[in-house]
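> Would you be able to build a 3D model of this:
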Amino acid sequence: MKKLYILSVLILGLLSGHAQLRLPKLISDGMVLQRNTPLKIWGWALPNDTVEIDFYGQSKYGVANKEGLWQVNLSEMNAGGPYQILLSSKDTTIVIKDVLVGDVWLCSGQSNMQFNMDKVKKKYKKDIAQAYKPYIRSFLVSKQYNFNGPQVDVDSGLWRQANPSTVPNFSAVAYFFGLELYEKYRVPIGLIDASVGGTPAQAWMSEEALKSFPHYNEEAQRCKDSAYVASIEEKNIQDLTQWNKKALINDKGLGQTPWYANEIDVSTWPTMELPGYWNQTDIGNANGVVWFRGQVNVPKDMLGDDMQLQLGRIVDADSVYVNGIMVGSTSHKFAIRNYTVPSAIIQEGDNIITIRVANIRRTGGFVKGNPLTLSTTQNSIDLSGQWYFQLGAKMPALERPVMLQWKPTGLYNNMIAPIRNYALKGVVWYQGEGNTKVAKEYADLFPSLIKDWRKQWNDDKMPFLFVQLANFMKVDEQPQASAWAMLRESQLKTLALNNTGMAVAIDIGEWNDIHPRNKKDVGKRLALAAQKIAYKEDVVYSGPIYKSKAIKKGKISLSFELFGSSLRCSKGQELMGFAIAGTDNCFVWANAQIDGNRIVVWSDKVDKPVAVRYAWANNPDNANLTNTEGLPASPFRTDNWEK
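From the prediction side, this is the model:
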């Protein structure tokens, strides 16, 4: 009898839980709803239950279907708030507080969209301190993938107002984009951040959209097999665990007296210049563990406060010790190392810094071009220069893991599909690095993604703004083929779709970092595109875009569109970044000159030119064609050659 009573209570409890009115996580306190468009509020309740909504003079209701899903359509509203929304069913009442009505933007893509303000806090310290912007809000969609069809809700997420304590977690590009729009239009701005580092476009597309790309669709079907996915997950974990375990066992620097101890004598160790890579030393291209040891003299007037140890980027993982005490560690190569050193650790005079670097594949060491410093708020000591180093353990390169979150449909199902009912002003997209190996394909793939999302939101004119890839990697001495240039061309071609806008970023990247720190200018350029595309303002929102060419007397004359007031040379007295070729397809650097609204290109080395390329490189650092408004020209080529 007692067991039967307990079972009855459990059943009643489960039924009661199912009956309760429930909302998706996006529809919650602090949310921003899209102005001037019909709105949908939806959720779950007991089948056939009636749900009533009262919202700023609107009283409407919906009835849950047999699966418990209900939806209520609300009339469009002007910008305003904060408001409250009252929802009620027969057994539950919910009050959603602090609701704003303004413009909502879905901000998606890979790591350069994910890159948050905390990672650029040193560069934008003042912006963060002044970020008291209660009418700018962000919803961070949890980063999860799923291959078993579209999900009904995101796993987690909260709406947060922008202020100095919350804005470090905002996407930097999204925040500066939203800030520009708020300052311009003075309406609430909602930023839905659905971004995951490293991801290719196909991870963000629906299964239906991928039917046009059979190789991706086939992989999406394979990923529906949970055993297949589980085997990949298990192998990834085991491979990395075993590699690290063997590295710890084999590391001579972790012996009875570890190499981070101050008493270790390193006078016989070789030295190398930091920042730098150890493949330039006798170690060669070895993977494994390498230890670095440096000594810094700290004057008395720097003592008393905690210090910051900045080491730039390190490939791949590191553990850092000061005077034998660990002060921090990082497990991947993408982060800028900035460790706090407690004041109690630092002493007047000589202090020893030891860095254990574990490199699983590629070239190991310290990425060049980043400062190495030990600093207080008032003073800084430069740590770059000669450091002692020693190989701790030589290891085989770790096989590249299979990144499940990069597989087709996975992120669409879990991070995009659940928010399709939420009305948007438009989309802001920063992605492309993950598709550079299939750069030509991206010319079809990316427009398909845009069409797919527009179909999901039932809006074939939904504004879609995107960032063209920034300049990255070493500057080429001579013109040559470039996957990044080809990807930029695919992005440029996407402007053929209606209501799309592109922010060119080839002048604000960093040769040694795929995540350039200048996110403010990216946000501003996207906001300019939004003013034109989404708000229909008469503004100059783009730099020069190549239109056509004419060949005459050994020179090629280029015409442009969208060039603003006039063409100009932004740096120096001469146009740079132009290359020219004859029928042999061999490009050489060319002379270029502005002639009214045209550019004339030539070279004494090419008598009969047939093609011109501009900024056609991974890192077109010297390209300097802009308009008078300072917006850079998009890279382009006049040919369609394979390389």
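
> use CA for all of it now, contacts and neighbours both
Fine.

> need the longest strand for this structure.
strand 93-109 (DSSP state E).

> Please enumerate residues in contact with the following helix or strand past that one?
Following strand 93-109 in sequence order, the next helix or strand is helix 111-114 (DSSP states H and E). Applying Cα atoms under 8 Å, 6 or more residues apart in numbering, the contact partners of helix 111-114 are 107-108, 171-174, 193-199, 429-431, 515.

> Sitting in helices, which of those do you find?
172-174 (DSSP state H).

> those strands in the stretch 301-450 of the chain, which residues are they?
307-312, 314-315, 317-322, 325-330, 337-341, 349-359, 365-366, 373-375, 380-382, 385-395, 426-430 (DSSP state E, counting those that start in this stretch).

> Look at Pro24 and say how many residues are nearby.
Using other Cα atoms under 10 Å, Pro24 has 18 other residues around it.

> now Gly255
What Gly255 shows, counting by other Cα under 10 Å, is a neighbour count of 11.

> just Pro47 next, same as before
Neighbours of Pro47 using other Cα under 10 Å come to 16.

> for Lys211, same thing?
Count around Lys211 with other Cα under 10 Å applied: 12.

> Correct me if wrong: it contacts Gln221.
No: between Lys211 and Gln221 there is no contact, the gap being 10.8 Å when judged by Cα atoms under 8 Å.

> re earlier: who are the packing partners of the longest strand of the chain?
Applying 3 or more Cα pairs under 8 Å, 6 or more residues apart in numbering; DSSP states H and E, we find strand 93-109 packed against strand 32-34, strand 80-88, strand 189-195, strand 426-430.

> just the ones in helices among the contacts of helix 111-114 now: which is nearest Asn297?
Set against Asn297, the nearest of the ones in helices among the contacts of helix 111-114 by Cα to Cα is Ala172 (36.3 Å).

> Quick check: Asn285 vs Tyr182, distance?
Between Asn285 and Tyr182 the distance, using Cα to Cα, to the nearest Å, works out to 50 Å.

> cool, Val467 as well?
From Val467 to Tyr182 the distance is 20 Å (Cα to Cα).

> Please say which of these two ends up with more neighbours.
More neighbours surround Val467 than the other of Val467 and Tyr182, with 24 against 19 (other Cα under 10 Å).

> and the residue lying closest to the more buried one once chain neighbours are set aside, what does it touch?
Nearest non-adjacent residue to Val467, counting by Cα to Cα, 6 or more residues apart in numbering: Ala503, 4.7 Å away. By Cα under 8 Å, 6+ apart, Ala503 lies in contact with 465-468, 522, 525-526, 529, 542.

> Compare those and tell me which has the most neighbours.
Of all the contacts of Ala503, the most densely surrounded is Leu526 (29 neighbours; neighbours counted as other Cα under 10 Å).

> residues in contact with that one?
Per Cα under 8 Å, 6+ apart, neighbours of Leu526: 177, 428, 465-467, 501-503.

> Going by neighbour count, list what's buried in the host helix or strand of it.
Using DSSP H and E, the element containing Leu526 is helix 520-533. If you call a residue buried by 16 or more other Cα atoms under 10 Å, then helix 520-533 has these buried ones: 520-533.

> Among those residues, which one sits closest to Ala481?
Once Cα to Cα is applied, the member of these that ends up nearest Ala481 is Val522, at 26.1 Å.

> longest helix anywhere in the protein?
The chain, longest helix under DSSP H: helix 226-250.

> Report the angle between that one and strand 385-395.
Note on geometry: by axes from the mean of the first three to the mean of the last three Cα atoms, to 10 degrees, helix 226-250 and strand 385-395 are set 120 degrees apart in direction.

> Give me the contacts around helix 226-250.
Identification of contacts with helix 226-250 by Cα under 8 Å, 6+ apart yields 222-223, 254, 288-289, 392-393, 395, 398-399, 401-402, 404.

> From those, list just the buried residues.
By 16+ other Cα under 10 Å, the contacts of helix 226-250 give 223, 288-289, 392-393, 395, 398, 404 as buried.

> where exactly do the helices run in this structure?
2-19, 111-114, 125-129, 172-185, 214-222, 226-250, 410-411, 442-456, 483-493, 520-533.

> right, and these - which one's nearest Val99?
Closest among these, using Cα to Cα: helix 172-185, at 16.7 Å.

> now the closest one, how far from the chain's geometric center?
In this view, helix 172-185 has its centroid 17 Å away from the chain centroid, taken as Cα atoms, centre = their mean, to the nearest Å.

> export the helices of the chain to TSV and tack on mean pLDDT?
As requested, the helices of the chain are arranged in TSV below (pLDDT from 0 to 100):
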stretch	mean pLDDT
helix 2-19	37
helix 111-114	97
helix 125-129	97
helix 172-185	98
helix 214-222	97
helix 226-250	95
helix 410-411	98
helix 442-456	98
helix 483-493	98
helix 520-533	98
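
> residues touching Phe472, list them.
509-514, 618-619.

> Let me know the pLDDT of it.
Note on Phe472: pLDDT of 96.

> and the closest residue to Gly304 other than its chain neighbours, how many residues sit next to it?
Distance criterion Cα to Cα, 6+ apart; nearest residue to Gly304, sequence neighbours excluded, is Ser343 at 5.8 Å. Close neighbours of Ser343, defined as other Cα under 10 Å, add up to 13.

> need the contact list for Ser343.
303-307.

> Recalculate using a threshold of 6 Å.
304-306 (Cα atoms under 6 Å, 6 or more residues apart in numbering).

> And Asn169, by the same measure?
Asn116.

> what bridges to Gln161?
Beta-bridge partners of Gln161, counted by DSSP bridges, are Arg137.

> Begin at 57, not 1, for the rest of this chat.
Sure, I'll start counting at 57 from here, so that last one is Gln217.

> Check whether it really touches Ala187, as I assumed.
No: using Cα atoms under 6 Å, Gln217 is not in contact with Ala187, being 9.6 Å away.

> So between those two, which is more surrounded?
Legend: neighbour count by other Cα under 10 Å for Gln217 and Ala187, higher for Gln217 (22 against 19).

> what's the closest residue to Trp215 other than its chain neighbours in contact with, if anything?
With Cα to Cα, 6+ apart as the criterion, Trp215 has its nearest non-adjacent residue at 4.6 Å, and that residue is Phe195. Residues in contact with Phe195 (Cα under 6 Å, 6+ apart) are 214-215, 248-249.

> Dump the helices and strands packed on strand 149-165 to CSV, plus distance to Gly380.
Shown next, in CSV, are those (distance: least, Cα to Cα, whole Å):
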stretch, distance to Gly380
strand 88-90, 50
strand 136-144, 54
strand 245-251, 39
strand 482-486, 42
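
> Tabulate those (CSV), appending mean neighbour count and distance to Ile392.
CSV is the format used below for the helices and strands packed on strand 149-165 (neighbours: other Cα atoms under 10 Å; distance: least, Cα to Cα, whole Å):
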stretch, mean neighbour count, distance to Ile392
strand 88-90, 28, 33
strand 136-144, 17, 39
strand 245-251, 28, 20
strand 482-486, 24, 20
